[in-house]
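In: No letters, just coordinates:
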């Protein structure tokens, strides 16, 4: 829930910062929503494996017959359900707040639906790599934010394309491609990073 | 060269290096079914490192670990699913109750369903004297009670090798006594135990290795 509040607060800061002019807000709306979503998704990442590391659960998870890759996938799903999904649900409301045009909402929802799972998957790799580092939050942002750029570019691109009447399909397909690459590879990478941290 | 014993768990020429520090070198051990190995040593002599190594978490810098003659490094998962590791941390989630914590790990470890294992959980809790507080969130438990709950995991899921890192820490006398009984029973059914301890752990006829008889070289 905190993540959603953070998301809403960040987005509402923009009208205060750049002024309430409707045409300006309409122009920057897709970018503002996506950037805020990236930051909000990252906010909860550092606790994804940290708690399990600190209380010894990670050792026990490694001893379970369930492959660590599946544990990692379940963690990503949990992160998306508690972060990506609420962001997705609340984003049209923020679109209205920023005066986003009516024809872009469908694309906004689709782009968020396809893009946010990639944020959880890619973010989990960073979280697993930094799990043994105390106060690894800053390092985690440095690792993960650059990897979020493709999602940002094509997420915003899809909405912009829909706004000018081109249709966002091409961008959405690229977002889907990113997700399809991240889906099998990220849990595998996460499990590898977690095994390193068992030492 | 002797042929590797079929069911034993052995370590040969083990060297452990952490960063630039050599923790121990050329360590050998072997544990057969029904045997306990007690690891002793001063603080920082590498008892915990040895146990993490035995669990397969920490790769030996040199040397090799074998389970039933097979190299553990080749198939760590096979080793992982046949051991219990109890370190300094109890792996309990504070918001869940005693029973929920135990049930979660039991189900994850054995893959069994709720209905078949519920008696196992109750028996394990009863054995550790936790039945009365089964529905209490672990957040409210004392350190000793948390330790007992972590020990209950050893009973809830049967696995042949127990690796115990200072298992008696925060346990009262009665708790330590129960632990010794549990270990004896485990050994009598052909189990293996490696335990790092400081004080007394009155396990009948066990092997002992002492680490760090000379100060670690840095």
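Out: Ah, there it is. Small disclaimer: the values here were computed from a predicted structure and weren't measured.
In: Reduced to three states, what does the closest residue to residue B:86 other than its chain neighbours come out as?
Out: Spatially, and ignoring its direct neighbours in sequence, residue B:86 is nearest to residue B:164 (5.0 Å; CB to CB, 6 or more residues apart in numbering or on different chains). Backbone N, C-alpha and C define where each C-beta goes, glycine included. What DSSP: H, G, I helix; E, B strand; the rest coil gives for residue B:164 is strand.
In: again, but for residue B:28
Out: Residue B:28 - assigned by three-state DSSP - is strand.
In: For residue B:146, see how far away it is.
Out: Distance from residue B:28 to residue B:146, counting by CB to CB, to the nearest Å: 35 Å.
In: Residue A:164 too?
Out: 60 Å.
In: who has more neighbours, the two?
Out: More crowded of residue A:164 and residue B:146, by other CB atoms under 10 Å in any protein chain shown: residue B:146, with 21 against 9.
In: Who are the contact partners of that one?
Out: Residue B:146 sits next to B:90, B:92, B:138, B:170 when contact means CB atoms under 8 Å, 6 or more residues apart in numbering or on different chains.
In: how about residue B:169, secondary structure?
Out: coil.
In: count of neighbours near it?
Out: 13.
In: pretty sure it is in contact with residue B:89, am I right?
Out: No - using CB atoms under 8 Å as the test, residue B:169 is too far from residue B:89 to be in contact (11.0 Å).
In: Can you tell me the centre-most residue of the chain?
Out: I'll assume chain A. Ranked by distance to the mean C-alpha position of chain A (CA atoms, centre = their mean), the top residue is residue A:119 at 3.2 Å.
In: wait, chain B
Out: Closest-to-mean residue, chain B, CA atoms, centre = their mean: residue B:163 / 2.1 Å.
In: Name whatever forms a beta bridge with that residue.
Out: residue B:85, residue B:194 (DSSP bridges).
In: tell me the contacts of residue A:49?
Out: Neighbour list for residue A:49: A:58, A:75, A:124, A:127-128, A:131, A:194 [criterion: CB under 8 Å, 6+ apart].
In: Tabulate the residues you listed in TSV, adding columns for pLDDT and distance to chain B.
Out: Supplementary listing: the contacts of residue A:49 in TSV, determined by pLDDT from 0 to 100; distance: CB to the nearest CB, whole Å:
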residue	pLDDT	distance to chain B
A:58	92	8
A:75	95	14
A:124	95	19
A:127	94	18
A:128	94	15
A:131	90	14
A:194	93	11
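In: Can you tell me which of those residues has the most neighbours?
Out: Compared across the contacts of residue A:49, residue A:127 has the highest neighbour count, 30 neighbours, by other CB under 10 Å.
In: Please report the distance of that one from residue A:68.
Out: 14 Å.
In: where does the residue of chain A found nearest chain B land on pLDDT?
Out: Here chain A gets closest to chain B at one residue, residue A:56, 2.7 Å apart by CB to the nearest CB. pLDDT for residue A:56: 91.
In: got it, and the one 3 residues further on?
Out: As predicted, residue A:59 sits at a pLDDT of 92.
In: what's the answer for residue B:218, then?
Out: Predicted confidence (pLDDT) for residue B:218: 42.
In: And the helices in the chain?
Out: No chain specified, so I'll use chain A. For chain A, applying DSSP state H gives helices covering A:2-18, A:22-43, A:47-54, A:57-63, A:68-79, A:85-97, A:105-129, A:137-163, A:169-196.
In: wrong chain, I was asking about chain B
Out: B:47-55, B:76-80, B:98-110, B:114-127, B:143-156, B:173-188.
In: Mean pLDDT for the ones you listed - can I get that in CSV?
Out: Converted to CSV, the helices of chain B look like this (pLDDT from 0 to 100):
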stretch, mean pLDDT
helix B:47-55, 91
helix B:76-80, 89
helix B:98-110, 90
helix B:114-127, 81
helix B:143-156, 92
helix B:173-188, 91
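In: what's the closest of these to residue A:81?
Out: Residue A:81 lies closest to helix B:98-110 among the helices of chain B, at 18.6 Å (CB to CB).
In: Would you mind giving the domain segments of chain B?
Out: Taking automatic domain parsing as the criterion, chain B consists of the domains B:1-82+B:160-218, B:93-159.
In: And the last one, end to end?
Out: What it means is domain B:93-159. End-to-end distance for domain B:93-159: 22 Å, by CA to CA, to the nearest Å.
In: Number of residues surrounding whatever residue of chain B ends up closest to chain A?
Out: Nearest to chain A, among the residues of chain B, is residue B:89, at 2.7 Å (CB to the nearest CB). Applying other CB under 10 Å, we find 17 residues neighbouring residue B:89.
In: which non-adjacent residue is nearest it?
Out: residue A:56 (2.7 Å).
In: Does that neighbour touch residue B:105 like I think?
Out: No - the criterion here is CB under 8 Å, and residue A:56 misses it with residue B:105 at 11.2 Å.
In: got the contact list for the residue nearest to residue A:50 when sequence neighbours are not counted?
Out: Leaving aside its sequence neighbours, residue A:50 sits nearest to residue A:131 (CB to CB, 6+ apart; 5.9 Å). Each residue near residue A:131 by CB under 8 Å, 6+ apart is listed here: A:49-50, A:53, A:58, A:193-194, A:197.
In: just to revisit the earlier point, residue A:56 and residue B:105: who's more crowded?
Out: Higher neighbour count among residue A:56 and residue B:105: residue B:105, with 24 against 18, using other CB under 10 Å.
In: just to revisit the earlier point, hmm, residue A:38 and the residue nearest to the centre of chain A touching each other?
Out: Yes - with contacts counted by CB under 8 Å, residue A:119 reaches residue A:38, the gap being 6.6 Å.
In: Brilliant, that's me finished.
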